[in-house]
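A.B. asks: Sequence and predicted structure below; questions after.
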Amino acid sequence: MESTPLPPPPHHLPWLVLDSRHPFYIQNQCFLSGRAVPKSFESNSDAANYTRSCVGSVEGWLIMAERFRTMYPVLEFIDPVSDALVTFPSKLPIKSGGNYNFLKVVASSAPTGPQRCLVAAIVPVRNNSGHEARRELALCRLTHESWTMIKFAEVNHEFLICDIEVIDRELYAATKNLLMVFNIKDIDGCHLSYKLVETVKLENDKSVNWVYDYWGLDKDRYVQIFEDGPYLVKDVTSKELFVIFRYVSLSRSLPITYCTEGFRVLKLENCIASSSLVEVSDLGDRRLFLSRFSNQLISSGNGVKGSDDMTTPEGNCICFAFNWPRVMLPGGDFGVFSLTNKRVMPLRFPEDQCPAELFFGSTVWFNPFA
């Protein structure tokens, strides 16, 4: 008996890469393996020896970093479809230590585009005991031989950079309670200069307990609900920046699990005097895709919002994919949150396509058909 062929993947939606090596696409409320799709994931991206980890993406390119500590950490752009590879500068002027030399990397555009690609990275710095003390920011262009480090007023600052994003010549960096905006300029074609031009406070005027009533949750089921983030997402067409907070519940029952319950979406509004953040409840036909290492905003282009039955992530929704280090979750924390009806629809993996050990690796969205 012949097996039923899998439906073709939707070309307008990003794919999810688990543990840097396993691609999946969304189809009918489920993740399906992209390995069966011709010309979707070639050899360069299949790091079978586990020497590289995916720390970001831009358009159809994955950004790969060495998993283990080296004196000069190396990053690479990899196009899984064409198997093309572009190498970053190899000299990083600080020792980051730990299992990853780069926590997350973003880029202003694809490395082969007409514009000169601007790259930014979060670099963890550890103290003598091996614990993470702070996070630094590094900048470069692909033509540079070394990275430019952003120096804060306090040399041993304790800024915990949560997320970064690049829009044209602006670098946005967010901590738990502050959004920093840097203007980036080129110097003599070999170096970059930067200037902190604005800071915006990230304030939460609501206790996380409001989530219980807002989404009708049973308080007896949970130990607590906490706010995770912020996450930064850019709209490449309108150049808008969105700041996302995620509400996560910790269950009382055993085994203890973490589950995403909802999101708060803010948009940066640029004013003449100063910028501010305004809450957004309607994204129109746009969809947000969130993960630890890569965030994207996609428009369906047909004006269709998410339907009430949530059978497909059509619009005004957030598709999320998160793994929790050292926490075994039944199926991981993957789903679609509708901003229309404030509900979460789980996205599941077929058991025969996704072994449990993949839920401890990185989660990255990318678009192989961009």
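C.D. replies: Nice, thanks for sending it over.
A.B. asks: tell me the contacts of T143?
C.D. replies: Applying C-beta atoms under 8 Å, 6 or more residues apart in numbering, one finds that T143 lies in contact with 116, 189-190. (Each C-beta comes from the backbone N, C-alpha and C, glycine too.)
A.B. asks: and with 6 Å instead?
C.D. replies: Shown in contact with T143 (C-beta atoms under 6 Å, 6 or more residues apart in numbering): no residues.
A.B. asks: So it, which state does it fall into?
C.D. replies: Secondary structure state of T143, per DSSP: H, G, I helix; E, B strand; the rest coil, is coil.
A.B. asks: separation between it and T175?
C.D. replies: Separation of T143 from T175 (C-beta to C-beta, to the nearest Å) stands at 30 Å.
A.B. asks: separation between K234 and N128?
C.D. replies: Relative to N128, and taking C-beta to C-beta, K234 is found at 37 Å.
A.B. asks: Looking at the two, which has the bigger crowd around it?
C.D. replies: K234 (22 against 6; other C-beta atoms under 10 Å).
A.B. asks: Run through the bridge partners of the more buried one.
C.D. replies: L241 (DSSP bridges).
A.B. asks: Surely it and E165 touch.
C.D. replies: Yes - K234 is within contact range of E165, at 5.2 Å (criterion: C-beta atoms under 6 Å).
A.B. asks: got the buried residues for stretch 127-135?
C.D. replies: Residues 133-135 are the ones in stretch 127-135 that count as buried (16 or more other C-beta atoms under 10 Å).
A.B. asks: oh, I was asking about stretch 171-185
C.D. replies: 171-175, 178-182, 184.
A.B. asks: Can you redo those as a markdown table, where the extra columns are pLDDT and secondary structure?
C.D. replies: Shown next, in a markdown table, are these (pLDDT from 0 to 100; DSSP: H, G, I helix; E, B strand; the rest coil):
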| residue | pLDDT | secondary structure |
| --- | --- | --- |
| L171 | 95 | strand |
| Y172 | 96 | strand |
| A173 | 94 | strand |
| A174 | 93 | strand |
| T175 | 90 | coil |
| L178 | 89 | strand |
| L179 | 93 | strand |
| M180 | 92 | strand |
| V181 | 93 | strand |
| F182 | 94 | strand |
| I184 | 93 | strand |
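A.B. asks: Closest to E261 out of those residues?
C.D. replies: Relative to E261, the closest of the buried residues of stretch 171-185 is A174; by C-beta to C-beta it sits at 21.3 Å.
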